[in-house]
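Engineer: okay, sequence plus prediction incoming.
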Amino acid sequence: MPKSTLAPGLAPSPTELMRSHGAANTTVLDRAWRQGELIRVVPGVYAPVGGWEALAPWDRYLARVHAVSLANPGFVFCGATAAALRGVFLGRQHDPVLILDPDRTSRVSGVVRVLTSADQRAIDEIDGIRLTSAADTAVDVARASSPGAGLAYVDALMRRTPRLTAAQLRAINESRLSSRNRRRARWALDRATGVPESVLESLSLAAMEFAGFELPETQVTFLIDGAEDRIDFFWRSRDLIGEADGAVKYTGELGDPTKAIVKEKRREARLLRRASHRIRWGWPELREVDPLIDILRTARVPRPLPADPFLLASLRDALH
């Protein structure tokens, strides 16, 4: 599933991109494309077929954004496209690349959608790429996304940009001349903290609220036998630990998976000395929502409110 990154700067292209320039270079690239060795990402920009086919859908979107930037260095990226460049994207690989141009009429051209706005936005230039500021991007995606996705975007952007505050983002939202989707954005902006450490955690919190469950404390640290163990969620009323696990620690991406499993088992033993119960879930349970609800219900998490079918449906749609 889509992920957010915490590295400084912008998220780089996940695959090699080659731009045509000059007659000889263009002829070579065009020949390789016709022979099936390259894929044309956008007119004038190519990528190796093998590298492209290995990309996850959200990485293909990011590569397409970088390809548009190579072909059009003066573009100002905005909305979900600016968020993708800042390390978080929850859309689909064929979503349009969004650019901001107040002097044009909003239109779609190829993979690019040109957006206009009467509101001024701060523009950053990072690694030679121009895009809306983190604050304006957060408000834009909160307005354009479903509530759960908006929360995940804003949490991730706040996490990447510590100077951002929820109060600042709410003020920007209320000050915009356009009232379109202002109320929609309020749901995410009123709840965003930047504390959840992953998109999975933010979306899990949204699912819990939509389903009517009591919300847990987030990122709680326990000191046990001299070791600090930080957990994703803690329901103090139930003495219950909850963890949203992307399973990365077991893939080898973060080192020897066998050592990771042993370390996790030791951590689990410590935590079960501190709390009565522990539940876990991952992307498969969240994506379908109902399995996560069953896990929470079985663990007897308090459910003081009725579920909101509309908001749950919006979350399912955002995850498929």
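Structural biologist: Thanks, I have the structure now.
Engineer: just name the shakiest helix or strand of this protein by mean pLDDT.
Structural biologist: Lowest by mean pLDDT, DSSP states H and E among the helices and strands of the chain is strand 107-109, with a mean of 67.
Engineer: show the subsequent helix or strand relative to that strand.
Structural biologist: Going down the chain from strand 107-109, the next helix or strand is strand 112-115, by DSSP states H and E.
Engineer: residue boundaries of the helices in the stretch 1-150 of the chain?
Structural biologist: Under the criterion DSSP state H, counting those that start in this stretch, helices of the stretch 1-150 of the chain are mapped to 23-34, 49-53, 57-71, 79-85, 134-144, 147-160.
Engineer: just say which of those is most tucked in.
Structural biologist: With neighbours defined as mean count of other Cβ atoms under 10 Å, those peak in mean count at helix 79-85, which reaches a mean of 28. The way it works is simple: take the backbone N, C-alpha and C, and place the C-beta from them, glycine included.
Engineer: what about that one, average pLDDT?
Structural biologist: The average pLDDT within helix 79-85 is 98.
Engineer: stretch 21-36 too?
Structural biologist: 83.
Engineer: how far is it from where the chain is centred?
Structural biologist: For stretch 21-36, the separation from the chain centroid amounts to 35 Å (computed by Cα atoms, centre = their mean, to the nearest Å).
Engineer: repeat that for stretch 11-23.
Structural biologist: Distance, centroid of stretch 11-23 to centroid of chain: 24 Å (Cα atoms, centre = their mean).
Engineer: test my guess that residue 87 contacts residue 159.
Structural biologist: No - counting by Cβ atoms under 8 Å, residue 87 stays clear of residue 159, with 9.3 Å between them.
Engineer: could you dump the helices of the stretch 1-150 of the chain into a markdown table with distance to residue 292 added?
Structural biologist: A markdown table is the format used below for those (distance: least, Cβ to Cβ, whole Å):
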| stretch | distance to residue 292 |
| --- | --- |
| helix 23-34 | 44 |
| helix 49-53 | 32 |
| helix 57-71 | 21 |
| helix 79-85 | 24 |
| helix 134-144 | 23 |
| helix 147-160 | 12 |
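Engineer: ranking those helices by mean pLDDT, which is last?
Structural biologist: Across those, the lowest-scoring stretch is helix 23-34, with a mean of 83.
Engineer: other residues contacting it?
Structural biologist: The contact list for helix 23-34 (Cβ atoms under 8 Å, 6 or more residues apart in numbering) reads 18, 20, 38-40, 46.
Engineer: just put those residues in CSV and tack on distance to residue 59.
Structural biologist: CSV is the format used below for the contacts of helix 23-34 (distance: Cβ to Cβ, whole Å):
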residue, distance to residue 59
18, 17
20, 23
38, 17
39, 14
40, 17
46, 17
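Engineer: for the residues you listed, work out which two are farthest apart.
Structural biologist: Maximum pairwise distance in the contacts of helix 23-34, criterion Cβ to Cβ, is 13.5 Å, between 20 and 39.
Engineer: still on that earlier bit, which one of the helices of the stretch 1-150 of the chain lies closest to residue 185?
Structural biologist: It's helix 134-144; of the helices of the stretch 1-150 of the chain, that one is closest to residue 185 (Cβ to Cβ) at 3.8 Å.
Engineer: that closest one vs helix 147-160, what angle?
Structural biologist: 170 degrees (axes from the mean of the first three to the mean of the last three Cα atoms, to 10 degrees).
Engineer: helices or strands up against helix 134-144?
Structural biologist: helix 79-85, helix 147-160, helix 166-175, helix 182-191 (3 or more Cβ pairs under 8 Å, 6 or more residues apart in numbering; DSSP states H and E).
Engineer: pLDDT value on the residue nearest to residue 227 when sequence neighbours are not counted, please?
Structural biologist: In this structure, residue 227 finds its nearest non-sequential neighbour in residue 270, 6.4 Å apart by Cβ to Cβ, 6 or more residues apart in numbering. Among the per-residue scores, residue 270 shows a pLDDT of 77.
Engineer: count of neighbours near residue 270?
Structural biologist: 14 (other Cβ atoms under 10 Å).
Engineer: measure it to residue 198 for me?
Structural biologist: Distance of residue 270 to residue 198, computed by Cβ to Cβ, to the nearest Å: 22 Å.
Engineer: look up how far residue 239 lies from the residue nearest to residue 227.
Structural biologist: In terms of Cβ to Cβ, residue 270 sits 15 Å off from residue 239.
Engineer: could you list the buried residues of the helix or strand containing residue 220?
Structural biologist: Applying DSSP H and E as the criterion places residue 220 in strand 217-224. Buried residues in strand 217-224, counted by 16 or more other Cβ atoms under 10 Å: 218, 222.
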